[in-house]
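okay, predicted coordinates and the sequence, questions at the end:
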Amino acid sequence: MKYQLTPKVAQFNNEGFVVVEGWALIYNTDTKTGEFINATYEYVAEGIGLPNHVCLDAPKPVDDEHAIIRDGDKWVYPADHRGKKIYSTETGAESTVAEIGDIPTDYTLLKPSSEFDRWDGEKWVLDENKQHQHYVAVAAAQKKQLLSEASSQIDYLQDAIDTEIATDEEKTLYAAWKKYRALLNRIDIDTAPDIDWPEKP
């Protein structure tokens, strides 16, 4: 034919070698992971073969939840959650998915609603005991700090009283701080967070 009105299409034999040179639509994949990269038209010369990361059969389209991977001589379409946040069902700790495939069995895409949640196998539920123990620990630390502050004030005023230099105001304040410390000691931290803390003098 005098004129070639369409691009010359390459032809391949059963072994994947070019028997007629020309343009070929090829599908490129990552040499390490096999993930599909793109499709390109390449002009191939007679006698050459395609490298392992290139193939001629097209993959099927997939949604954003799947990847396209070349596995040997076929395409596979595993789940793809890369970039998504996942949460440990043991600790609730957050991670970001970095690899193709299903998420690990001890992780979930569901985010816990609080630091006191636990995984019941299907969803996060509030662990009321864990929450209560947290409140108790916070109350214990607060009670200890307030008692230390009260004792410091009482010791200072006690010295003034013992050396008979305390003013009437200091004597009144001394009694108020002692009452305050007594009220603090009566606090039951197991009732946290419903604690009515006494007012400082």
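Great, that's in hand.

show me where the chain has its helices.
For the chain, the helices defined by DSSP state H occupy 128-162, 168-185.

what would the ones you listed look like in JSON lines with distance to residue 42 and mean pLDDT?
From N, CA and C alone the C-beta is placed, and that goes for glycine too. Shown next, in JSON lines, are those (distance: least, C-beta to C-beta, whole Å; pLDDT from 0 to 100):
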{"stretch": "helix 128-162", "distance to residue 42": "60", "mean pLDDT": "94"}
{"stretch": "helix 168-185", "distance to residue 42": "81", "mean pLDDT": "94"}
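
quick check, residue 111 in contact with residue 87.
Yes: applying C-beta atoms under 8 Å, one finds residue 111 in contact with residue 87, separated by 5.8 Å.

give me the more crowded residue out of the two.
Set residue 111 next to residue 87 and count neighbours by other C-beta atoms under 10 Å: residue 87 wins out with 20 against 12.

mind checking how far the more buried one is from residue 104?
Going from residue 87 to residue 104 by C-beta to C-beta, to the nearest Å gives 11 Å.

show me what the residue positioned nearest the centre of the chain bridges to in the sheet.
By C-alpha atoms, centre = their mean, the chain has its centre lying nearest to residue 94, at 1.8 Å. Bridge pairing for residue 94 (DSSP bridges) gives the partners residue 87.

any weak-confidence spans in the protein?
Scanning the chain for pLDDT under 70 picks out 1.

strands of that one, residue ranges please.
11-12, 18-20, 22-29, 36-44, 54-55, 69-71, 74-76, 85-88, 94-96, 107-108, 117-119, 124-126 (DSSP state E).

what residues sit buried inside the second one?
Residues of strand 18-20 classed as buried: residue 18 (neighbour count, 16 or more other C-beta atoms under 10 Å).

again with the fourth one
For strand 36-44, burial by neighbour count (16+ other C-beta under 10 Å) applies to 36, 44.

from what I see, the residue nearest to the centre of the chain and residue 107 are in contact.
No: using C-beta under 8 Å, residue 94 makes no contact with residue 107, being 9.8 Å away.

between those two, which contacts overlap?
Common neighbours of residue 94 and residue 107, using C-beta atoms under 8 Å, 6 or more residues apart in numbering, are 86, 87.

ok so, going back, can I get the helices of the chain in CSV including mean neighbour count and distance to residue 62?
Below are the helices of the chain laid out as CSV (neighbours: other C-beta atoms under 10 Å; distance: least, C-beta to C-beta, whole Å):
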stretch, mean neighbour count, distance to residue 62
helix 128-162, 14, 41
helix 168-185, 15, 64
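
need those helices in TSV with distance to residue 51, can you?
Formatted as TSV, the helices of the chain follow (distance: least, C-beta to C-beta, whole Å):
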stretch	distance to residue 51
helix 128-162	56
helix 168-185	78
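
so which of those helices comes closest to residue 191?
helix 128-162 (8.2 Å; C-beta to C-beta).

would you list the strands of the chain in TSV and tack on distance to residue 156?
Listed next are these as TSV, based on distance: least, C-beta to C-beta, whole Å:
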stretch	distance to residue 156
strand 11-12	95
strand 18-20	96
strand 22-29	78
strand 36-44	75
strand 54-55	84
strand 69-71	74
strand 74-76	76
strand 85-88	50
strand 94-96	48
strand 107-108	55
strand 117-119	46
strand 124-126	45
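
much appreciated, bye for now.
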